[in-house]
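Participant: coords below, sequence missing:
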Ligand code: HEM
């Protein structure tokens, strides 16, 4: 995961796109944002409903399992199209965004483990088992929102 992230950052300065291709890459970037972050928000929404006892654990796990490929596909597309857009790696704010993206990726691997552990508990999870999941879901939200806000800020200031 870290190697892929690093490769995208190292390759990015060597890519120069024509205005037309840049627009296409930006469209891809935003489409992947919709797919990836949309899937994350859906799973987190179901998780919140479970915490409020409005959904059974099984529903959350089914949603998480189903959304899993969309989240990774979105994140991969964001990294590839983001590299094509040529981030300005001399900017501190861009590094905040890149580190937020790395955090989202590594944290996503951990969330997968948490989901598998909850699935093994067969629908009845003690409260203590929720803590890693809530912490990882919070890190994920902070990471995605940070990357979205910094990307938006950089593109529109
Ligand atoms: C969670 C992952 C990411 C999210 C949520 C995200 C979000 C965004 C957003 C919202 C924009 C603004 C688009 C606009 O307003 O027109 C943007 C632009 C951009 N993103 Fe990302 N991005 C992510 C990952 C990446 C990565 C990994 C890279 C680089 C390797 C990258 C490089 C860029 C570049 C270069 C721009 C254009 C900025 C400009 O025009 O100055 N992004 N991103």
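Facilitator: Cool, got the structure. The shown structure was predicted, so the numbers you read here are calculated from the model rather than taken from an experiment. Residues are numbered from 1 along each chain as shown.

Participant: For the residue positioned nearest the centre of the chain, which non-adjacent residue is spatially closest?
Facilitator: Nearest to the geometric centre of the chain sits residue 104, at 5.0 Å (Cα atoms, centre = their mean). Leaving aside its sequence neighbours, residue 104 sits nearest to residue 143 (Cβ to Cβ, 6 or more residues apart in numbering; 3.9 Å). Every residue, glycine included, has its C-beta placed from N, CA and C.

Participant: that older thread, check the gap between the residue nearest to the centre of the chain and residue 53 for me.
Facilitator: Using Cβ to Cβ, to the nearest Å, residue 104 is found at 28 Å from residue 53.

Participant: Residue 121 too?
Facilitator: From residue 121 over to residue 53 the distance is 16 Å, taken as Cβ to Cβ.

Participant: More neighbours: these two, which one.
Facilitator: More neighbours surround residue 121 than the other of residue 121 and residue 53, with 12 against 7 (other Cβ atoms under 10 Å).

Participant: Next up, the contacts around the closest residue to that one other than its chain neighbours.
Facilitator: Residue nearest to residue 121 in three dimensions, not counting chain neighbours: residue 129, with 6.6 Å by Cβ to Cβ, 6+ apart. By Cβ atoms under 8 Å, 6 or more residues apart in numbering, the residues touching residue 129 are 117-118, 121.

Participant: follow-up on the earlier one: other SSEs contacting the helix or strand the residue nearest to the centre of the chain falls within?
Facilitator: In this structure, residue 104 sits in helix 92-120 according to DSSP states H and E. Contacting helix 92-120 under the criterion 3 or more Cβ pairs under 8 Å, 6 or more residues apart in numbering; DSSP states H and E are the following elements: helix 2-11, helix 57-84, helix 130-156.

Participant: is any part of it close to the ligand?
Facilitator: Yes: residues of helix 92-120 contacting the ligand under Cβ under 6 Å from any ligand atom: 101, 104.

Participant: State the mean pLDDT of that helix.
Facilitator: Mean pLDDT, helix 92-120: 95.

Participant: Centre of the chain to that helix, how far?
Facilitator: Distance of helix 92-120 from the chain centroid (Cα atoms, centre = their mean, to the nearest Å) equals 7 Å.

Participant: now the angle between helix 57-84 and that helix, please.
Facilitator: Interaxial angle of helix 92-120 relative to helix 57-84 (axes from the mean of the first three to the mean of the last three Cα atoms, to 10 degrees): 150 degrees.
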